[in-house]
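Q: Here's my sequence, what's the structure:
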Amino acid sequence: MDHAHTGLGGDNGWSTTIHPEYQITPNVFQYAFFIKPL
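A: The predicted model follows:
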């Protein structure tokens, strides 16, 4: 389960620069999920 994740990189496969609009900024996050038996 994933709440949020950042992209793989920039415009090519070997760049580690992530565009600002795809970056996750430090913040307080809450995430919940429920598992119900069928």
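Q: CA atoms for contacts and neighbours, from now on please.
A: Fine.
Q: For P37, give its distance to D2.
A: According to CA to CA, to the nearest Å, P37 stands 21 Å off from D2.
Q: again with E21
A: E21 sits 19 Å away from D2, going by CA to CA.
Q: And for F29?
A: 12 Å.
Q: ok, now K36?
A: Distance, K36 to D2, by CA to CA: 19 Å.
Q: How about F33?
A: F33 is 11 Å from D2, by CA to CA.
Q: How about Q23?
A: 15 Å.
Q: of the two, who's got more company?
A: The residue with more neighbours, out of Q23 and D2, is Q23; 13 against 5, by other CA atoms under 10 Å.
Q: which residues does the nearest residue to that one once chain neighbours are set aside contact?
A: Closest residue to Q23 apart from its sequence neighbours, by CA to CA, 6 or more residues apart in numbering: T6 at 5.8 Å. For T6, the contacting residues are Y22, Q23, I24, by CA atoms under 8 Å, 6 or more residues apart in numbering.
Q: Give the helix, strand or coil label for T6.
A: coil (DSSP: H, G, I helix; E, B strand; the rest coil).
Q: Closest to the centroid, which residue in this structure?
A: H5 (1.2 Å; CA atoms, centre = their mean).
Q: Run through the residues that contact it.
A: Per CA under 8 Å, 6+ apart, neighbours of H5: I24.
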